[in-house]
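> Sequence first, then the predicted structure, then my questions.
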Amino acid sequence: MVDATEEPLTAIKAFQYFYSTCLLIFSVAAIMGLIGTEQTGLSESSGPVPAYICIWGAIIWLTMIEGTQGSFVGLAPVNPEIYKDSHPISFMCNKVMIEGDNLNRYLMGRQFMVCMIVFLINISGGPIADPELWGYGTIVKTIFFSIGGAMIFLTCMA
């Protein structure tokens, strides 16, 4: 069922979804390949397994932090009694969050945590100098590894 406020899927929108999904899949495969061949900072020094654990743990943690922030900010102006019975856990969390300046303190602390998590993602998946992977050409390696395109897509879209 389509929501009445949702825009219809146009050919341009479908193409955007397609190529962004392809970029994400390529970026994930390339970074995982670099980790597997020990061509990232952490995998070079500690091996691929710790790097895989760190990068995926950090990405999952980052998605939880971003989702929580959206929920807290979005629910702050809403009367909690509306969802008290239907969503009791959200009600309890939001009750604590809207007291005093808890929301502002959470948002400030969250910024530091996001910086730390993105740093961990970059340590785990950031390529070493001049990586060689699956015969990629110079242009692909420059855009996705040297400039950091693959890490940007992985961090922002995953």
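Everything's here; your move. Numbers count the residues shown, from 1 in each chain.
> Give me the below-cutoff pLDDT ranges for this structure.
Applying pLDDT under 70 to the chain picks out residues 1-5, 158.
> 50 - rerun?
Along the chain, segments meeting pLDDT under 50 span 1.
> Give the next helix or strand downstream of the helix or strand containing residue 26.
Counting by DSSP states H and E, the element that carries residue 26 is helix 11-36. Using DSSP H and E, the helix or strand that directly follows helix 11-36 along the chain is helix 41-46.
> any idea of the angle the very next helix or strand once past that next one forms with helix 11-36?
Sequence-wise, the next helix or strand beyond helix 41-46 is helix 48-75, with elements assigned using DSSP H and E. With axes from the mean of the first three to the mean of the last three C-alpha atoms, to 10 degrees defining the directions, helix 48-75 sits at 140 degrees from helix 11-36.
> What's the first helix or strand after helix 48-75?
The helix or strand immediately downstream of helix 48-75 is helix 88-97, counting by DSSP H and E.
> who touches that next one?
Outside of helix 88-97, the residues within contact range by C-beta atoms under 8 Å, 6 or more residues apart in numbering are 71-72, 75-76, 80, 83-84, 102-103, 106. (Each C-beta comes from the backbone N, C-alpha and C, glycine too.)
> from the residues you listed, which is closest to residue 117?
The shortest gap between residue 117 and any of these belongs to residue 106, at 15.4 Å (C-beta to C-beta).
> Specify the next element, helix or strand, located C-terminal of the helix or strand hosting that closest one.
Taking DSSP H and E as the definition, one finds residue 106 inside helix 102-125. Proceeding N to C from helix 102-125, the next assigned helix or strand is helix 138-141, under DSSP H and E.
> what about stretch 81-95, distance to the chain center?
Its chain's C-alpha centre lies 27 Å from the corresponding centre of stretch 81-95 when counted by C-alpha atoms, centre = their mean, to the nearest Å.
> list the buried ones in stretch 139-152?
Of all the residues in stretch 139-152, those buried under the rule 16 or more other C-beta atoms under 10 Å are 140-141, 144-145, 149-151.
> same deal with stretch 120-129?
For stretch 120-129, burial by neighbour count (16+ other C-beta under 10 Å) applies to 120-127.
> Dump stretch 16-25 to CSV, restricted to CA.
Taking C-alpha atoms only, stretch 16-25 is exported to CSV below (Å, rounded to 0.1, in the frame of the first residue of the first chain):
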residue,chain,number,x,y,z
GLN,A,16,19.0,7.1,-8.7
TYR,A,17,18.1,4.2,-6.4
PHE,A,18,19.7,1.7,-8.8
TYR,A,19,23.1,3.5,-9.2
SER,A,20,23.3,4.4,-5.5
THR,A,21,22.7,0.8,-4.6
CYS,A,22,25.3,-0.3,-7.0
LEU,A,23,27.8,2.2,-5.5
LEU,A,24,27.1,1.0,-2.0
ILE,A,25,27.5,-2.7,-3.1
